[in-house]
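Chemist: model the structure of this input:
(one chain, ligands or ions: 1)
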Amino acid sequence: MNIDDVMELAPVVPVLVVEDVAHARPIAEALVAGGLRALEVTLRTPAALDVIREMAKVEGAVVGAGTVLNADQLEQAVDAGARFIVSPGLTKALGRAAITSGIPFLPGIATSADIMRGLDLGLTRFKFFPAEANGGIPALKALAAPFHTVRFCPTGGITEKTAPDWLAIPAVKCVGGSWVVGKGEPDRAAIEAAARAASALRG
Ligand SMILES: O=C(O)C(=O)C[C@H](O)[C@H](O)COP(=O)(O)O
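Modeler: Residues are numbered from 1 along each chain as shown. Model (predicted):
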């Protein structure tokens with residue numbers, strides 16, 4: 001599986017902040033049942049690596065790690081069963097570690113210089129982050145223009161209402177967002193319904 005395979009699984013990649021490992025499987029089962037198979041578990045909570053381990057057991061789930069900031073965290077995430085890596089930004093060290101490991105990697109970028117540094121490392125798939133705060137759709141359209149081989153997964157401030165406009169950009173393969181899963185005790189029916197709506201955002 002490469003990063004294009006991950007980005008093509010569904011139009012939306014849920015960005016998950018999970019505090020309680022007991023919530024991992026119910027959330028993953030509801031998202032997969034709703035058609036969202038690529039699941040980004042952010043390393044923002046102490047439970048995150050255990051959540052990855054639990055979600056990786058769910059049939060159909062393709063679990064990745066988000067908020068990966070360095071090579072050590074990348075290694076820990078891979079050991080926990082992550083099948084792709086997402087980061088808020090890109091450093092040479094993290095980029096080289098991801099390429100050496102061979103794991104599908106979606107680094108965050110915000111500027112054309114960030115993209116050029118990624119291209120120097122042989123990367124062409126990027127998370128445009130923070131999408132709304134970085135100038136929104138006009139900014140991404142302007143950024144995409146000179147880099148015709150590059151494809152994006154904008155993330156940050158995107159909602160179920162604005163996602164269709166982002167997905168309409170030709171250079172966008174998917175969007176990331178935390179809106180699909182609410183906070184606290186998971187409501188499986190609500191999560192599955194939100195996932196079904198998100199899965200249908202691009203026909
Ligand atoms: O934690 C990470 O790895 C990040 O890069 C940031 C998250 O992807 C965004 O914070 C999600 O943004 P919202 O969908 O607006 O909640």
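
Chemist: okay, CA-based contacts and neighbour counts for the rest of this
Modeler: OK.

Chemist: which residues touch the helix or strand harbouring Gly64?
Modeler: Gly64 belongs to strand 62-66 when assigned by DSSP states H and E. The contact list for strand 62-66 (Cα atoms under 8 Å, 6 or more residues apart in numbering) reads 6, 15, 37-43, 52, 55-56, 77, 81-88.

Chemist: redo that, cut-off 7 Å
Modeler: Here strand 62-66 makes contact (Cα atoms under 7 Å, 6 or more residues apart in numbering) with 37-43, 52, 55-56, 77, 82-87.

Chemist: in helices only, show me these.
Modeler: Using DSSP state H, the subset of the contacts of strand 62-66 located in helices is Ile52, Met55, Ala77.

Chemist: where does the chain dip in pLDDT?
Modeler: Within the chain, the segments meeting pLDDT under 70 span 203.

Chemist: quick one, strands of it?
Modeler: For the chain, applying DSSP state E gives strands covering 12-16, 38-42, 62-66, 85-86, 105-106, 108-109, 125-128, 151-152, 175-177.

Chemist: residue numbers of this protein in contact with the ligand?
Modeler: Neighbours of the ligand within the chain, by Cα under 6 Å from any ligand atom: 15, 42, 66-67, 87-88, 155-158, 177-179.

Chemist: can you rerun that using 8 Å?
Modeler: Applying Cα under 8 Å from any ligand atom, one finds that the chain approaches the ligand through 14-15, 42-44, 66-68, 86-89, 108, 129-130, 155-159, 176-179.

Chemist: which of the residues you listed are buried?
Modeler: Buried by 16 or more other Cα atoms under 10 Å: 14-15, 42-43, 66-68, 86-89, 108, 129-130, 155-159, 176-179, out of these.
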